[in-house]
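1. what follows is a predicted structure for the sequence shown.
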Amino acid sequence: MTLLGSIASKAGFSNGRAWDPSTGIPDLTGKVAIVTGGNDGIGFITARELHKKGCKVYLACRNEEKAQDAIKRINEASPGKPEGLVFLPFDLTELKSAEKAAKTVQEKEQRLDIIVCNAGIMAWPYELKNGVECQFWNHLGHFALVKPLLPLLIKTSKEPGAQVRVVSVSSMGHKFAPKPDFSSLDAVNQNFGSTWTRYGQSKLANILFATALQERLKDENIHVNSLHPGNIHTSLTRGPVASYGFFGKLMQSISSYAAMTPFEGAKTQLYLAASPEVSEKDYRGKYFVPVATPATPSAYAQDRELAEQLWKLSEEAIKKADQLASA
């Protein structure tokens, strides 16, 4: 790596590694993927590039109009395979929505090769959404979607030539997290005095989720990894605008000139979702930075006890939601 690439990587930008999804991803005909937040930004690019390679892609999104528009744009770029793109209703902040989305895929598909947990919000003003700090849904909504799909992932992993992947999109912002306390939702729901601290907590959870999930799948042919996609100009900048007003708009403006493009930002998650290298090098429970490079996350992100505490909290939150719904 060049000195410039090393500096850029440490600052959250691309290290300049040459990896192109058009040549780095093999034919995916017959495979099935879910991309959350696939209607916009790096999620859109991820769905588009997987679709180009023949993969059937479920765009798991809250807004059907935006999802259908994304599907139309992808089909225009890759004509001839319209049945390979499917809108999957999924609201990251609704546990029942995640449960229903998982059930839909289970009923319609005999296999599931890839899940890219991409959807999320950044630097949003403090708000409790359905009893949970809104940014923490970056983790909890994906946990609720992925867990019931594990039997289908495991079944697929036993097929000849299978390369099953779960990709958890985190951020270098995980380093903003305070000393973690995942003992209860009350602990998670603290204000912390900063939207970036709360964002960091959610992104730390994305990494720890991948760690705990990979531990549970250690005997399976399934690779689970997390990543920082890069400092990218996408609609995520709405969060800082909502939190900081004028200064947020200034950040948004600077980002439009200085940040990575969504295509560059999507490369690392595409690599983890579909590159044969991940299986060849047996990357499991690793954290990556752009482009497609293993890196070392924060000390908290390497704490396996914290990962187990987070898993337990997530299970309890889902159980509590189910009990309230059936009461």
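-> Ah, there it is.
2. His51 should be in a strand, yeah?
-> No - counting by DSSP: H, G, I helix; E, B strand; the rest coil, His51 is not found in a strand; it is helix.
3. surely it and Ile74 touch.
-> Yes - the pair His51 and Ile74 qualifies as a contact (Cβ atoms under 8 Å) at a distance of 5.6 Å. Every residue, glycine included, has its C-beta placed from N, CA and C.
4. per-residue pLDDT, Gly12?
-> Looking at Gly12, its pLDDT reads 66.
5. picking that back up, identify the contacts common to His51 and Ile74.
-> Leu85 (Cβ atoms under 8 Å, 6 or more residues apart in numbering).
6. wasn't Lys155 part of a helix?
-> Yes - looking at Lys155 with three-state DSSP, it is inside a helix.
7. per-residue confidence for it?
-> On the pLDDT scale, Lys155 is placed at 98.
8. ok, now which ones touch it?
-> When contacts are counted by Cβ under 8 Å, 6+ apart, Lys155 is found next to Arg111.
9. i'd like the first residue to be 41 from this point on
-> Okay, residue one is now 41; in that scheme the one you just asked about reads as Lys195.
10. so how far is Asp153 from it?
-> Relative to Asp153, Lys195 is positioned 11 Å away (Cβ to Cβ, to the nearest Å).
11. over to Ser242?
-> Separation of Ser242 from Asp153 (Cβ to Cβ) stands at 26 Å.
12. same check on Gly270?
-> Gly270 sits 25 Å away from Asp153, going by Cβ to Cβ.
13. same question for Glu134.
-> In this view, Glu134 and Asp153 are 25 Å apart by Cβ to Cβ.
14. compare those two (neighbour count), which wins?
-> Each of Glu134 and Asp153 has its neighbours counted (other Cβ atoms under 10 Å); Asp153 has more, 26 against 19.
15. so that one touches Ala73, yeah?
-> Yes - counting by Cβ under 8 Å, Asp153 does reach Ala73; the two are 6.2 Å apart.
16. give me the common contacts of these two.
-> Common neighbours of Asp153 and Ala73, using Cβ under 8 Å, 6+ apart, are Cys95.
17. so what's Tyr327 up against?
-> Counting by Cβ under 8 Å, 6+ apart, Tyr327 touches 210, 247, 250, 265-268, 334-337, 341.
18. roughly how far apart are the residue nearest to it when sequence neighbours are not counted and Thr308?
-> Computed as Cβ to Cβ, 6 or more residues apart in numbering, the closest residue to Tyr327 that is not its neighbour in sequence is Pro337, at 4.3 Å. Distance, Pro337 to Thr308, by Cβ to Cβ: 14 Å.
19. before we move on, what about Val97?
-> Going from Val97 to Thr308 by Cβ to Cβ gives 18 Å.
20. give me the number of residues near Pro200?
-> For Pro200, the count of nearby residues is 4 (other Cβ under 10 Å).
21. the stretch 41-190 of the chain: strands as residue ranges?
-> Assigned by DSSP state E, counting those that start in this stretch, the stretch 41-190 of the chain shows strands spanning 72-76, 96-101, 125-129, 154-157, 168-169, 172-173.
22. quick check: mean pLDDT of the helix or strand harbouring Lys352?
-> Lys352 belongs to helix 344-366 when assigned by DSSP states H and E. If you average the pLDDT over helix 344-366, you get 86.
23. contacts for stretch 331-345, please.
-> Residues from elsewhere that reach stretch 331-345, judged by Cβ under 8 Å, 6+ apart: 49, 54-59, 210, 214-215, 217, 219-220, 244, 247-248, 251-252, 255, 266, 268, 304, 307-308, 311-312, 315, 317, 323, 326-329, 346.
24. need the buried ones from the residues you listed selected in PyMOL.
-> In PyMOL, this line selects whichever of these come out buried by 16 or more other Cβ atoms under 10 Å:
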select buried, resi 49+54+55+57+59+210+214+215+217+220+244+247+248+251+252+266+268+304+307+308+311+312+315+323+326+327+328+329+346
